[in-house]
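J.: one predicted model, sequence on top.
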2 protein chains.
Amino acid sequence: MSPFEDEKLDPRVKRTRQMIEQAFDDLIKEKGFQTLIVQDITERAGINRATFYAHFPDKYALLDHSIRHRFHQELEKRMLNVCQFSLGNLRNLVIVVCEFVDKSHSQCAHSDLQFQALVEVQVRIQIHGLIGHWLEGLPSGVDFPATRASASTAASWALYGLAVEWNRTRRMPPLEEYADQVLPLLAANLGLNMEAAAPLPA
Amino acid sequence: MSPFEDEKLDPRVKRTRQMIEQAFDDLIKEKGFQTLIVQDITERAGINRATFYAHFPDKYALLDHSIRHRFHQELEKRMLNVCQFSLGNLRNLVIVVCEFVDKSHSQCAHSDLQFQALVEVQVRIQIHGLIGHWLEGLPSGVDFPATRASASTAASWALYGLAVEWNRTRRMPPLEEYADQVLPLLAANLGLNMEAAAPLPA
DNA sequence: CAAAGAGTGTTGCTTATGCAACAATGGAGA
DNA sequence: TCTCCATTGTTGCATAAGCAACACTCTTTG
């Protein structure tokens, strides 16, 4: 459930990965993802090129890892990775995703479509996993429009799409307001009627 | 002449030394030199204890190296390590030494006498080397009170002593003024009569 | 005095990283 | 088309770093 714990790993490995990730993050801001070559990363990180390939198959794998890592950190900040389902937590998730998408889109220079697509895939996977985990924790009596798997799929796509839309409209309305506005939509995906007495704590 | 150039060294070695030196500097500020044990340094640096001993015989050698390194950096900042003798350069050297002594004494918490003594030895060695190098570059016609070797010895001790004194009087008078004040003393050590027409550019 | 603990250096072995060279791919330009 | 060049992954070998264990010295504490 938590692929980024501080495993008791060889300190050399931990250091090298940190240096690679740091160099990668910096370079993406500076020259974007597409024009970035592996040699840039290893030079900035101060490691050998062969060492890079000992850790990542290529720069795409590194990007995937980096996105997962950073998004997971955002979840950790709000403890969304160690909680149960509630409308309040779902609302926080909306906020996290919107902010993350906004930050990603702003830092990639030339509206790099490939970059954005790769971000989307990784983030959606994580959202899907989190919501799926939440739903597993619900009592079996709760009804869903379909299976729980379908529910988390629909909700994760919907949530990401809403985040992109919020970014596209130049972050209007304000995030808190937007979260309140779209929360019923997502709740509906999950089979929750917000007008009736919700079976969950808000 | 320059023991700290960016030699083409194995990047692993460069990294490890940097981490050790960084951890050492931080820890000295936090808990002083005497109470510091090697294990503290290696833990903070994130390296193995055996690796430490592969680079330094003990914490005293590390301190020596650290002082030499930092003092040399100060010389480099003002390009005193790549210039010839002049009264202006000697004056700059006074300023560098005063500032360095002051910084060292302020950062060592409990007026750690051993620490101060170790700093003194290393800094004086460097001053001695630099002045000696300067004197070698002078034309053979210039007169000294004694040999050039004696002159640089006397001057280096005198200069360090003056720096300690300036620190002891709570940095009074202001550094620039103090430098002008003591410059004739040091010049006399080097056989230069500042009242007569100096054979050197000011 | 004895025993326990903390810190020091050292050692043998394992593992990760550095380095240089290589073939393979693909794009740019004559 | 052809060559040139940059980039990519990969490989074998050299070297640095990690790790656990050891003996040794001091200090502390009962």
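T.: Arrived safely. Residues are numbered from 1 along each chain as shown, chains lettered A, B, ... in the order given.

J.: how near is the nearest residue to A:Gly46 once chain neighbours are set aside to A:Ile47?
T.: Spatial nearest neighbour of A:Gly46, excluding adjacent residues (C-beta to C-beta, 6 or more residues apart in numbering or on different chains): B:Pro11 at 5.6 Å. All C-beta spots, glycine's among them, are computed from the backbone N, C-alpha and C. The gap separating B:Pro11 from A:Ile47 is 7 Å, by C-beta to C-beta, to the nearest Å.

J.: between the two, which one's more packed in?
T.: Set side by side, B:Pro11 and A:Ile47 show more neighbours around A:Ile47, with 21 against 13, by other C-beta atoms under 10 Å in any protein chain shown.

J.: contact partners for the more buried one?
T.: By C-beta atoms under 8 Å, 6 or more residues apart in numbering or on different chains, the residues touching A:Ile47 are A:Thr16, A:Met19, A:Ile20, B:Pro11.

J.: near DNA strand D, which residues of chain A show up?
T.: Selection of chain A residues close to DNA strand D by C-beta under 7 Å from any atom of the strand yields A:Asp10, A:Pro11, A:Arg12, A:Ile37, A:Val38, A:Gln39, A:Arg49, A:Ala50, A:Tyr53, A:Pro57, A:Asp58, A:Lys59.

J.: nearest spatial neighbour of the last one, skipping sequence neighbours?
T.: Take A:Lys59 and drop its neighbours on the chain: the residue closest to it by C-beta to C-beta, 6+ apart is A:Val38, 5.8 Å away.

J.: how about stretch A:94-106: buried residues?
T.: The neighbour-count check on stretch A:94-106 (16 or more other C-beta atoms under 10 Å in any protein chain shown) flags A:Val94, A:Ile95, A:Val96, A:Val97, A:Cys98, A:Glu99, A:Phe100, A:Val101, A:Asp102, A:Ser104, A:His105 as buried.

J.: check which helix or strand the last one maps to.
T.: Spelled out, that is A:His105. Taking DSSP states H and E as the criterion, A:His105 maps to helix A:87-107.

J.: that helix - what's its average pLDDT?
T.: For helix A:87-107, the per-residue pLDDT values average out at 94.

J.: that helix packs against which elements?
T.: Helix A:87-107 sits against helix A:59-77, helix A:113-136, helix A:148-168, helix A:175-189, with contacts defined as 3 or more C-beta pairs under 8 Å, 6 or more residues apart in numbering or on different chains; DSSP states H and E.

J.: contacting residues around A:Gly137?
T.: Per C-beta under 8 Å, 6+ apart, neighbours of A:Gly137: A:Gln84, A:Phe85.

J.: if you set the cut-off to 10 Å instead, what comes out?
T.: Going by C-beta atoms under 10 Å, 6 or more residues apart in numbering or on different chains, A:Gly137 touches A:Cys83, A:Gln84, A:Phe85.

J.: now it: how far from A:Leu90?
T.: 13 Å.

J.: and A:Pro11, by the same measure?
T.: A:Pro11 is 39 Å from A:Leu90, by C-beta to C-beta.

J.: gap between the most centrally placed residue in chain A and A:Gln73?
T.: Taking C-alpha atoms, centre = their mean as the criterion, A:Val123 is the residue nearest the geometric centre of chain A, at 3.4 Å. Counting by C-beta to C-beta, the gap between A:Val123 and A:Gln73 amounts to 13 Å.

J.: also A:Tyr53?
T.: From A:Tyr53 to A:Gln73 the distance is 25 Å (C-beta to C-beta).

J.: cool, and A:Thr147?
T.: For A:Thr147, the distance to A:Gln73 - C-beta to C-beta - is 31 Å.

J.: same thing with A:Glu176?
T.: 22 Å.

J.: for A:His105, what are its contacts?
T.: A:Ser111, A:Asp112, A:Phe115, A:Gln116, A:Val119, A:Ala163, A:Val164, A:Asn167, A:Arg168.

J.: can you list the weak-confidence ranges in chain A?
T.: Residues of chain A meeting the criterion pLDDT under 70: A:1-6, A:108-111, A:140-146, A:193-202.

J.: which residues of it lie near chain B?
T.: Residues of chain A lying close to chain B by C-beta under 10 Å from any C-beta of the partner chain are A:Pro11, A:Arg12, A:Lys14, A:Arg15, A:Met19, A:Ala45, A:Gly46, A:Ile47, A:Asn48, A:Thr51.

J.: which one of those is nearest B:Ile131?
T.: A:Gly46 (36.7 Å; C-beta to C-beta).

J.: how about the residues of chain A by DNA strand C?
T.: A:10, A:12-13, A:15-16, A:46-51, A:54-55.
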